[in-house]
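Asks: this one's sequence-less:
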């Protein structure tokens, strides 16, 4: 992160869905990340592939009420970043077992995000020192 710039926080799909679905007990903590962005204290990042997963979960699996508006509001609060071919190849060739998680992490790393926020930290054993993986609670305690 450059001095004077806002921290870029990458939201893994699980945290983003906690916000969209108001999933308890995770919502109250995760929504604070959205509040940081609204207060111009952070930039939230998410990938197009995460958004595709969120659309599927919101409409087809959980059938969330007002899913379209929830997604539009969420998207307006985030910067959407892409992966590209090189990142996808790195992700598929990596030691990570969960390739979807790998794609998210490598995309955030390639973009230069400052933090990777997930509730699923056990899936991120082969992380770079450049991009720490934190639970929402740990990140928020440090801010």
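Replies: Alright, I've got the coordinates. Computed from a predicted structure; not experimentally measured. Numbers count the residues shown, from 1 in each chain.

Asks: how near is residue 96 to residue 103?
Replies: When distances are taken as C-beta to C-beta, to the nearest Å, residue 96 and residue 103 turn out to be 9 Å apart. C-beta: built from backbone N, CA, C; applies to glycine.

Asks: now swap in residue 63 and tell me
Replies: From residue 63 across to residue 103, the span is 26 Å (C-beta to C-beta).

Asks: isn't residue 7 right up against residue 117?
Replies: No - Residue 7 is beyond contact range of residue 117, at 10.8 Å (criterion: C-beta atoms under 8 Å).

Asks: give me the low-pLDDT residue ranges for this structure?
Replies: For the chain, residues meeting the criterion pLDDT under 70 lie at 1-4.

Asks: Look up which residues are beta-bridged to the spatially most central residue of the chain.
Replies: The centroid of the chain falls nearest to residue 11 when counting by C-alpha atoms, centre = their mean (1.4 Å). Listed beta-bridge partners, residue 11: residue 117 (assigned using DSSP bridges).

Asks: if I pick it, what's in contact with it?
Replies: With contact set as C-beta atoms under 8 Å, 6 or more residues apart in numbering, residue 11 has these partners: 19, 33, 44-46, 50, 78, 117.

Asks: still on that earlier bit, so which of residue 63 and residue 103 has more stuff around it?
Replies: Neighbours around residue 63 and residue 103, counted as other C-beta atoms under 10 Å, are more numerous at residue 103. The numbers are 21 against 9.

Asks: which SS class is the more buried one?
Replies: In the three-state summary, residue 103 is assigned as helix, counting by DSSP: H, G, I helix; E, B strand; the rest coil.

Asks: that older thread, the more surrounded of residue 7 and residue 117?
Replies: When residue 7 and residue 117 are compared for neighbours, residue 117 comes out ahead with 27 against 14, by other C-beta under 10 Å.

Asks: who touches the more buried one in this structure?
Replies: Going by C-beta under 8 Å, 6+ apart, residue 117 touches 9-12, 15, 33, 133-136, 139.

Asks: quick one: it and residue 110, what's the gap?
Replies: When distance is defined by C-beta to C-beta, residue 117 is 17 Å away from residue 110.
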